[in-house]
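Q: I would like to see how this sequence folds:
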Amino acid sequence: MSTLDPDALECLAAIVEEGGFERAAQRLNITQSAVSQRLRSLESQAGTVLIVRSRPLRPTAAGHLLLKHTKQLRLLRADLERDMRELAPSLLGGSRDEERISIAINADSIATWAMGALQGVVQQGLPLEIITDDQDFTQDWLREGQVLGCVTTFKQALRGCKVVPLGAMNYVAVAAPAFAAERLQGGLTPHNFRKVPFVAFNRKDDMQTEFVGRAFGLKRVTLSQLFVPSSEGQVRAVLAGWGVSVVPELLVRGLLAQGQLVNLAPAHSLQIQLYWHCWNLQSEVLDTLSTALTLAAAAALG
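A: This is a model prediction of the structure:
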């Protein structure tokens, strides 16, 4: 295959990342017709369709490969810009929007330890994009080439990637004191958990059922659940008396100490091991990201 047009590759990435041709055109500051033309040219060069024109738009298998290639080119440019900034700071301006470095991190890590880990790299000017998903699904973003690294529960290294253990996130079941006194006198037990609503992150989140199942030795657990797609939002919902939620102990440690929340099952907790996966490439930017995340996780998670 001949050399691929970098502008056409970034056009493909913009269509996928922005979810459509119109928004891709706005991001790239070109017309929608030019976006279509660049995509057709790239598809002609690749000899296959790269985008499925569905709702939402999605890349084909070949599109995923070229999207991953584009992300790798961004990483190379970020490494070059980092080196050039040290040698000749006046030669380089700010990074373009399409040169963002994308990683996927689970919401609970974002709400607790990960943001502090990334503070330094953001201050260095890295154009970072954080994509959030459930910790059991963040690796799908890496597998599809849409991010260069992810925090996940998946232990086995993906093809072309390396993996580093981060530590274990400790989860506890909490409720507001008034709610617990009214609905769960004596705490959470095998006999009363079905009588109260649980606040989960979203429909992919099995943290609530996994906690109850492991705590009480149950193979199948059915819960009444409410969904709040934010780790901090789950805590606010519990504080407001919406129900019970299984959340990171790190997130509610202060609220438990202050008596604003109570631990409903102090004899039980759920340990979720987290891992950092990233492409197995020689890159100072990638090494900096990996080091920042692993050090922060070691300090926070133990």
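Q: could you list the low-confidence segments of this structure?
A: Under the criterion pLDDT under 70, the flagged ranges of the chain are 1-2, 82-99.
Q: which residue ranges form the strands in it?
A: Applying DSSP state E to the chain gives strands spanning 51-52, 58-59, 101-106, 128-133, 149-152, 161-175, 197-200, 224-227, 245-248, 262-263, 270-279.
Q: same list (those strands) but as TSV, adding distance to Leu75 and mean neighbour count.
A: Where you see a C-beta, it was placed from the backbone N, CA and C, and this is true even at glycine. Listed next are these as TSV, based on distance: least, Cβ to Cβ, whole Å; neighbours: other Cβ atoms under 10 Å:
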stretch	distance to Leu75	mean neighbour count
strand 51-52	23	15
strand 58-59	19	18
strand 101-106	7	24
strand 128-133	12	16
strand 149-152	10	27
strand 161-175	13	20
strand 197-200	35	22
strand 224-227	35	14
strand 245-248	30	27
strand 262-263	43	18
strand 270-279	8	20
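Q: now render those as a markdown table, adding distance to Gln26.
A: Below are these laid out as a markdown table (distance: least, Cβ to Cβ, whole Å):
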| stretch | distance to Gln26 |
| --- | --- |
| strand 51-52 | 17 |
| strand 58-59 | 20 |
| strand 101-106 | 19 |
| strand 128-133 | 17 |
| strand 149-152 | 28 |
| strand 161-175 | 33 |
| strand 197-200 | 35 |
| strand 224-227 | 31 |
| strand 245-248 | 37 |
| strand 262-263 | 48 |
| strand 270-279 | 29 |
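Q: for Trp141, which of these is the nearest?
A: Distance to Trp141, taken as Cβ to Cβ, is lowest for strand 101-106 among the strands of the chain, at 4.1 Å.
Q: strands paired with that closest one, and their directions?
A: Counting by DSSP bridges, the strands paired with strand 101-106 are strand 128-133 (parallel), strand 149-152 (parallel).
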